[in-house]
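Colleague: Sharing a model prediction with you, sequence too.
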Amino acid sequence: HKSFQIIPDGSPGLIFQKSRAFTDHIGNPLPQLFIYGQTTTHAQQKVKSSFKTIGVYFHPHGIQSIFGIDAQHITNQNIAVSDFLNEAYLSEQLSYAESDRERIRLISNFLLKCFVKNRNETDNLADLTVSHIVAKRGTSSLTDLHHHYSVSKRTLERKFLQSIGVSAKFFARLTRFQSALDSIRQGNFNKLSDVAYAHNYADQCHFIREFKAFSGSTPKHFINQYKETVNNFPELLT
């Protein structure tokens, strides 16, 4: 029996489970093949048997550009692919594929077909804004973005929500947290206050509050009690 913590990372994605081993925090089995949108807070998943999964990380605008749907409609949700696309056969093909290489080929072809069909759905403004926020490690303000791209705040937020699934302000917060988390993973600090100030948090208390909001634990607890085999999907050790 294992418990995993899901930490928001700004990227939606797709998951295939060879067997439906994972459940959410209240015990509901997750779909065998599903996409997940942006997540705004930490969550837990549990597994009670051996498992094999294949996952695909999308760019932040991936839900809109690949599937042509409004990203905010699936924020904080796991949606079975068969619920919104006529692709019920894909889960069966993946289940009976003879190798992981074949499964990856099937998933890649499926995503490419979806992307070609919806290639005009990508919002370039949202994509550029994401790149700007990431380059600034989440320290950009909404006013900075508004002036940089000569667009009204209302238009920017509307396009960002549709394409990314969360507000630009929230995405900047999340990006700053992820940058700080990377510093902790790499051990690039002498004390935690160094990480807080390097990422423009007002003080260490502010940093700890943000860290706990996104990860469910304090930085010290995260270092001592979690094991990350996959980034942002750590196993709780105790």
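Modeller: It's in. Computed from a predicted structure; not experimentally measured.
Colleague: What score does the spatially closest residue to Phe160 that is not a sequence neighbour have for pLDDT?
Modeller: Distance criterion C-beta to C-beta, 6 or more residues apart in numbering; nearest residue to Phe160, sequence neighbours excluded, is Ala168 at 4.5 Å. The way it works is simple: take the backbone N, C-alpha and C, and place the C-beta from them, glycine included. Looking at Ala168, its pLDDT reads 93.
Colleague: before we move on, what about Lys48?
Modeller: Here the pLDDT value assigned to Lys48 is 85.
Colleague: Test my guess that it contacts His1.
Modeller: Yes - between Lys48 and His1 there is a contact at 5.3 Å, judged by C-beta atoms under 8 Å.
Colleague: quick one, which of the two is more surrounded?
Modeller: Counted by other C-beta atoms under 10 Å, Lys48 and His1 do not tie: Lys48 has more neighbours, with 11 against 6.
Colleague: What distance do you get for the more buried one to Ser193?
Modeller: 40 Å (C-beta to C-beta, to the nearest Å).
Colleague: ditto for Ala172
Modeller: Distance from Ala172 to Ser193, counting by C-beta to C-beta: 22 Å.
Colleague: which ones are touching the closest residue to Gln44 other than its chain neighbours?
Modeller: The shortest distance from Gln44 to any non-neighbouring residue, by C-beta to C-beta, 6+ apart, is to His25 (4.3 Å). Contact partners of His25, counting by C-beta atoms under 8 Å, 6 or more residues apart in numbering, are Ala43, Gln44, Gln45, Lys46.
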